[in-house]
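S.K.: Have a look at this fold, sequence not included:
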């Protein structure tokens, strides 16, 4: 039986922490082996503000996933988001020493490393450097430069920046929970992997991930990430408004939002009323669904308008930046009734709800196909993809050393020194295949792990 490759995605959110373990089946679909959830008590607006509580929640979620799957979890792919994340555009170039030599990956790495040296604001660090398009000498808008000739290599970059302390805190929580950090991925990118198709990314699409503490935006065009942003408001702000507006406790406000909430006030009639039990023998409260919808509508409108402002800043209204595929909504907040219609009304763009179920194998737990788990499923996919790349890079090397037949290999392996020791059986020295090139994120993860180790 073929050995399957497993991976674990860990979504450290504001309302919940999810650990999800899975592998790919023979059809390339995700087979979820176990999932663990825990209430997130130490994270606010995507940023860790209580290390101890977050460690406990991570351990609880991981333990549950281990019990369900029957596997031990050692390393995880973690998502990073939060209000400290910002992005900027930057152009840079290098002049190559030898213009008669073709451009290879080392030239692109030199250019990316040069961008990493950009001076940021105090306390900030570059998380991600994403090349948009390249320019070789005077030839513009090149997507793939490897194999071309040229003296000057230039590129436009999308640079994602975050607070060093926030990144360190996430790493410390994962490490203290007894886990290794195999990779860090920007959460909007993970959600995009789970719910967007390649056609949508080519046509132009805006992914809006409405979480508990933040709303993440990722814009794709021509198959490339063009813009990312984090709005420091999410579903929890809506719950807070209901709690204040209806003078009820948070637990009741959350239930009201989930069961009866709607983003479109015109949907409810004046005489539709829901009764909330009073505290400690007090009279029950009666709340009209129309008022409830008005509260939700006001806050959701504010969030969507802020996101739409970011979409406009990207240049959606220009001919070149038009997003033909419109908007895809995902995350727990995307489940509010009539949100799709409200977003279409505010932005005038086609909208759909993004579910991660198209990547899941048949027979998967129905709850997993909810937009709530889009980020966790995306992180799992990123982890599996990274492992597949590693394996693909190793396999061709192994094969090329076995092309010549067993006798040839024997002859090559036996060295002059070993021939002197005739009584002993000659031992083949293991041939080490060249190390595969690492992606930018893998390099960042390694640097980050070293940084954490040295900080202890």
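M.R.: Cool, got the structure. Values in this document were obtained by computation on a predicted structure and should not be read as measured data.
S.K.: Going by C-alpha atoms from here, please, whenever you check contacts or count neighbours.
M.R.: Will do.
S.K.: Show me where the chain dips below the pLDDT cut-off.
M.R.: For the chain, the stretches with pLDDT under 70 are 1-4, 364, 393-456.
S.K.: what do you get if the cut-off is 50, keeping everything else the same?
M.R.: Flagging of the chain using pLDDT under 50 yields the residue ranges 1-2, 401, 403-437.
S.K.: At the geometric centre of it, which residue do we find?
M.R.: Nearest to the mean C-alpha position of the chain, by CA atoms, centre = their mean, lies residue 190 at 2.5 Å.
S.K.: Does it lie in a helix or a strand, and which?
M.R.: Taking DSSP states H and E as the criterion, residue 190 maps to helix 187-195.
S.K.: Remind me what the helix or strand following that helix packs against, helices and strands.
M.R.: Moving toward the C-terminus from helix 187-195, the next helix or strand (DSSP H and E) is helix 198-203. When contacts are defined as 3 or more CA pairs under 8 Å, 6 or more residues apart in numbering; DSSP states H and E, helix 198-203 sits against strand 215-221.
S.K.: mind redoing it with 10 Å?
M.R.: Helix 198-203 is packed against strand 205-210, strand 215-221, strand 224-231, with contacts defined by 3 or more CA pairs under 10 Å, 6 or more residues apart in numbering; DSSP states H and E.
S.K.: With residue 194 as the reference, name the closest of these.
M.R.: strand 205-210 (11.0 Å; CA to CA).
S.K.: what about that closest one, distance to the chain center?
M.R.: 12 Å (CA atoms, centre = their mean, to the nearest Å).
S.K.: Partner strands of that strand, with direction?
M.R.: When sheet partners are counted by DSSP bridges, strand 205-210 sits next to strand 215-221 (antiparallel), strand 327-330 (parallel).
S.K.: Between those strands, which one is closest to residue 28.
M.R.: The closest of these to residue 28 is strand 327-330. By CA to CA, the value is 23.0 Å.
S.K.: Name the residues that touch the closest one?
M.R.: 191-192, 194-196, 200, 204-211, 215-217, 219, 334-335, 339-340, 343-344, 347-356, 370-375 (CA atoms under 10 Å, 6 or more residues apart in numbering).
S.K.: and the residues you listed, which are buried?
M.R.: Buried members of the contacts of strand 327-330, scored by 16 or more other CA atoms under 10 Å, are 191-192, 194-196, 200, 204-211, 215-217, 219, 334-335, 339-340, 343, 347, 350-356, 370-375.
S.K.: give me the element residue 159 is part of.
M.R.: Assessed by DSSP H and E, residue 159 sits inside strand 152-163.
S.K.: What segments of the stretch 51-200 of the chain are strands?
M.R.: Counting by DSSP state E, counting those that start in this stretch, the stretch 51-200 of the chain has strands at residues 75-80, 86-95, 124-136, 139-142, 152-163, 180-186.
S.K.: ranking the ones you listed by burial, who's on top?
M.R.: Here the criterion is mean neighbour count by mean count of other CA atoms under 10 Å, and of these the winner is strand 75-80, at a mean of 24.
S.K.: what's the angle between that strand and helix 187-195?
M.R.: If you take axes from the mean of the first three to the mean of the last three CA atoms, to 10 degrees, strand 75-80 sits at 110 degrees to helix 187-195.
S.K.: Could you pull up the contacting residues of residue 384?
M.R.: By CA under 10 Å, 6+ apart, residue 384 lies in contact with 5, 6, 7, 8, 9, 22, 23, 24, 30, 77, 378, 390.
S.K.: go again using 8 Å as the cut-off
M.R.: Shown in contact with residue 384 (CA atoms under 8 Å, 6 or more residues apart in numbering): 5, 6, 7, 23, 24.
S.K.: next one: phi and psi at it?
M.R.: Per-residue torsions, residue 384: phi -70, psi -40 (degrees, to the nearest 10).
S.K.: How about residue 138?
M.R.: Dihedral pair for residue 138: phi -100, psi 0, per degrees, to the nearest 10.
S.K.: What about it, how many residues nearby?
M.R.: Residue 138: 9 surrounding residues under other CA atoms under 10 Å.
S.K.: Pull up the gap between it and residue 153, please.
M.R.: Here the distance between residue 138 and residue 153 works out to 10 Å (CA to CA, to the nearest Å).
S.K.: contact partners of stretch 113-130?
M.R.: With CA under 8 Å, 6+ apart as the test, stretch 113-130 has contacts from 92, 112, 157-165, 225, 440-441, 444.
S.K.: which of these sit farthest apart?
M.R.: 92 and 165 (27.5 Å).
S.K.: Which of the three states applies to the closest residue to residue 25 other than its chain neighbours?
M.R.: In this structure, residue 25 finds its nearest non-sequential neighbour in residue 31, 6.2 Å apart by CA to CA, 6 or more residues apart in numbering. Recorded secondary structure, residue 31: strand (DSSP: H, G, I helix; E, B strand; the rest coil).
S.K.: My read is that residue 31 contacts residue 7, right?
M.R.: No - at 10.8 Å, residue 31 does not count as touching residue 7 under the criterion of CA atoms under 8 Å.
S.K.: Which neighbours do these two have in common?
M.R.: Common neighbours of residue 31 and residue 7, counting by CA under 8 Å, 6+ apart, are 22, 23.
S.K.: Looking at these two, which has the bigger crowd around it?
M.R.: Neighbours around residue 31 and residue 7, counted as other CA under 10 Å, are more numerous at residue 7. The numbers are 24 against 19.
S.K.: Surely the more buried one is in a strand?
M.R.: Yes - under three-state DSSP, residue 7 sits within a strand.
S.K.: picking up where we left off before, just put the contacts of residue 384 in CSV and tack on distance to residue 184.
M.R.: Below are the contacts of residue 384 laid out as CSV (distance: CA to CA, whole Å):
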residue, distance to residue 184
5, 19
6, 17
7, 13
23, 19
24, 21
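S.K.: so which of these would you say is closest to residue 320?
M.R.: Nearest to residue 320 among those: residue 24, at 37.4 Å, using CA to CA.
S.K.: My guess is the closest one contacts residue 31. True?
M.R.: Yes - in this structure, residue 24 is within contact of residue 31 by CA under 8 Å, at 5.6 Å.
S.K.: show me where the stretch 301-450 of the chain has strands.
M.R.: 327-330, 351-353.
S.K.: what about the helices in the chain?
M.R.: Ranges of helices in the chain, per DSSP state H, are 51-69, 105-116, 164-176, 187-195, 198-203, 235-246, 250-260, 289-314, 339-347, 374-400, 406-413, 416-420, 440-455.
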